[in-house]
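> structure, please.
(2 chains)
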Amino acid sequence: MSVPVTIRLQQDDFDLATESARLTGADTSIGAVVSFVGRCRGEEDGHDIATLNLEHYPGMAEAEIARHVEDALTRWPLKGVTVIHRYGRIAPGDNIVLVLTASSHRQAAFAAAEFLMDYLKTRAPFWKSDERASGDRNWIDARDTDDDAAARWDSAAN
Amino acid sequence: MKVLYFAWVRERIGKAEETVEPPAAVRTVGELIAWLASRGEEYAHAFERPQVIRAAIDQTHVRADTAIAGAREIALFPPMTGG
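Residues are numbered from 1 along each chain as shown, chains lettered A, B, ... in the order given. Next up is the predicted model:
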């Protein structure tokens, strides 16, 4: 009995309700679905953002996300996982990433969603640049706090 | 071997990928970065802070001390900012 896993990279937007229904299907043993939606901010470090551009490493991005989903499945009793990450041009207020985790009880679903997001931030090969109202382009710097967030799972007991 | 560049590493070098033949003395990812940095101004600019450069061999993350022997595809890029 394998757990349903969906991993998609796409330019287009996604719909949370559609993806959630697709994940759970008719499985009545699922008692908890946790969703995380990452959105594009309209302001970054005090600058107004006109557009965010997301570059990725095709092939490795899917493989790296799949590795972390596999890891999550060994750590928590999950009943399904969906990860959708957009690439290309994204406007403020638009969705960037969706993580859905399903489980019988909420603890596993909450923990697994947070684990997956922490690793997506620091290990999945995506790079954001922004275009500002002034026309300037700027690569967004990685945050130490994201590294710290991912590192705490390395030492956490299963 | 094929080398891929992403984000500002790609922009500074001015190409997304190329095939290189490093000398036999270049054995690790870190040594490859140092050798590439010596190939011209744009490479020196891309790799001016080698400690921040991340690498993947055949689409798996590796450290700077990883051997490059047998690699088909080596990617060099800045710290990731997805999610």
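> give me the spatial nearest neighbour of the closest residue to chain A within chain B, chain neighbours excluded.
Among all residues of chain B, B:G82 sits closest to chain A, at 2.8 Å; criterion: C-beta to the nearest C-beta. Backbone N, C-alpha and C define where each C-beta goes, glycine included. Nearest non-adjacent residue to B:G82, counting by C-beta to C-beta, 6 or more residues apart in numbering or on different chains: A:F126, 2.8 Å away.
> before we move on, the earlier item: wait, isn't the residue of chain B closest to chain A in contact with A:H56?
Yes: counting by C-beta atoms under 8 Å, B:G82 touches A:H56, with 7.4 Å between them.
> which one of these two is surrounded by more residues?
Counted by other C-beta atoms under 10 Å in any protein chain shown, B:G82 and A:H56 do not tie: B:G82 has more neighbours, with 27 against 21.
> contacts only, for that one.
Counting by C-beta atoms under 8 Å, 6 or more residues apart in numbering or on different chains, B:G82 makes contact with A:54, A:56, A:61, A:85, A:97, A:120-121, A:124-128.
> tell me the one of those nearest chain B?
A:F126 (2.8 Å).
> count the neighbours of that closest one for me.
Neighbour tally, A:F126, other C-beta under 10 Å: 26.
> before we move on, back to that, quickly note the distance from the residue nearest to B:G82 to A:A17.
25 Å (C-beta to C-beta, to the nearest Å).
> next: A:S134.
Distance, A:S134 to A:A17, by C-beta to C-beta: 37 Å.
> quick one: is the longest helix anywhere in chain A near chain B?
Scanning chain A for the helix with the most residues, using DSSP state H, yields helix A:106-123. Yes: counting by C-beta under 8 Å from any C-beta of the partner chain, chain B has neighbours in helix A:106-123: A:117, A:120-123.
> any idea whether the residue of chain B closest to chain A is helix, strand or coil?
coil (DSSP: H, G, I helix; E, B strand; the rest coil).
> now it: phi and psi?
Main-chain torsions, B:G82, degrees, to the nearest 10: phi -80, psi -160.
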